[in-house]
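Asker: Give me a 3D structure for the following:
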Amino acid sequence: MHIFREITIQNPARFRKFVGIMKRNSQLSTLIHKMEIRPEYNAAMLLEAVEHLLAPRLTNLSTLIIQSHPALPTPASLGFGHSVLRTVTAWLRRRQRYPHPPETYVDLRRAPHWLGSRFGCVTTLKLCKLQFVDAADFGAMLCAFPNLSTLHCVEVIWFQSSTGHPFPARALKGVTNLHLYTTGLWLFGCEDLMVSTPTSLSKLALSADLLPPHRDLSQSISRLKLERFASLVELHLICSKRFIRRGWISNVLTHIQSPVLRRVKIQIPFMGTPDGTSISERDFWHQLSCNSIDEVLSRPSFSGLREVVFAFDRVAETSHDLPYRISVKLHLPKLNEKRMLRVIFSDRSKNVS
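Answerer: Numbers count the residues shown, from 1 in each chain. Just a heads-up that it's a prediction; the model follows:
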């Protein structure tokens, strides 16, 4: 019966089948600790069904993953508005029309507000390639998870920021681990999410693409209010795969005021690319601003720091590792002298599971 510890739901038919199994054997609901939802179509109806009919039965569910299905059709063919609940139809009429999202995204522009606190046992929520009308819709969804401690958002977008406070205090009240990653789609109102995150945050991951390219870098980072997180233990900074925005890493680090920070991880794209092109090594390290990183992390305010990890996204198994290990040490002499540096190579693919 251990096979039910983790389940995946992709369509209403599979959902109905699983609910039927649980009705015949109620003990199964206590075995499930992790559930993944990958809607093949009609995402709004499937998510609402899971919330109202399935979540109350899963008393030991601790991890919920919602992400796009690999074979997801274009949003235009998702078929909303025909079989959804009457309340959803009324909610739809109040909405404006927005451009179609990328075809690999789960379309939640027409999803209903998540009512109540249905997922009381869930402590970890991982979202991948979801899109909302605005930040308030996302905030309303988070309110369904009153005991959330870990929130991973990979390519989660909304079309516009909201007036007022899009994230109620209860939406993020217990979050201590926040991971925000995107590529090329900067978030309207990302600062609203950061400002609403509790100051007790212990782990934070941010990607460079979250910062609006048309706004002054220092101003954008200041608006995130990173100095609020005085309990931060681990910081993970993810560079853009398109280009390295000069100075963004050291600028972020200057806003960190956590005396308990122990680990900084900097994830950067491999210099070689699959098509064989690459920027020069000199330009690469210049764009990374290693001197500034070395200087900032050597300040007394980072005296508790124990490890600085440089994680390169590996493009191919044949990539040569040694030159990067040597270069990191050469370009960060102060941290190298303290024996804090570590260089690792990881798969460049991103997945929330």
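Asker: hang on, Glu323 is in a strand, isn't it?
Answerer: In this structure residue 323 is Pro, not Glu. No: remark: Pro323 does not belong to a strand; assigned using DSSP: H, G, I helix; E, B strand; the rest coil, it is helix.
Asker: What helix or strand is Lys126 located in?
Answerer: strand 124-128 (DSSP states H and E).
Asker: partners of that strand, with directions?
Answerer: According to DSSP bridges, strand 124-128 has the following sheet partners: strand 63-67 (parallel), strand 150-154 (parallel).
Asker: so which of those strands is the most packed in?
Answerer: strand 63-67 (a mean of 22; mean count of other C-beta atoms under 10 Å). From N, CA and C alone the C-beta is placed, and that goes for glycine too.
Asker: returning to what we had before: in TSV: the strands paired with strand 124-128, plus mean pLDDT.
Answerer: Below are the strands paired with strand 124-128 laid out as TSV (pLDDT from 0 to 100):
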stretch	mean pLDDT
strand 63-67	88
strand 150-154	93
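Asker: how about those strands in TSV, adding distance to Pro213?
Answerer: Shown next, in TSV, are the strands paired with strand 124-128 (distance: least, C-beta to C-beta, whole Å):
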stretch	distance to Pro213
strand 63-67	26
strand 150-154	19
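Asker: Lys34: which of the ones you listed is closest?
Answerer: Taking C-beta to C-beta, strand 63-67 is the member of the strands paired with strand 124-128 nearest to Lys34, at 4.3 Å.
Asker: How far does stretch 240-247 stretch from one end to the other?
Answerer: With C-alpha to C-alpha, to the nearest Å as the measure, stretch 240-247 spans 13 Å from end to end.
Asker: So which bits of that stretch are buried?
Answerer: Going by neighbour count (16 or more other C-beta atoms under 10 Å), the buried part of stretch 240-247 is 240-241, 244-245, 247.
Asker: Which two among these are spaced furthest apart?
Answerer: For the buried residues of stretch 240-247, and using C-beta to C-beta, no pair is farther apart than Lys241 and Gly247, which are 18.1 Å apart.
Asker: one step back: list the buried ones in the strand holding Lys126?
Answerer: Those would be 124-128, for strand 124-128 by 16+ other C-beta under 10 Å.
Asker: can you put those residues in a markdown table and add distance to Tyr324 and pLDDT?
Answerer: Below are the buried residues of strand 124-128 laid out as a markdown table (distance: C-beta to C-beta, whole Å; pLDDT from 0 to 100):
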| residue | distance to Tyr324 | pLDDT |
| --- | --- | --- |
| Thr124 | 32 | 96 |
| Leu125 | 34 | 94 |
| Lys126 | 29 | 93 |
| Leu127 | 32 | 88 |
| Cys128 | 28 | 85 |
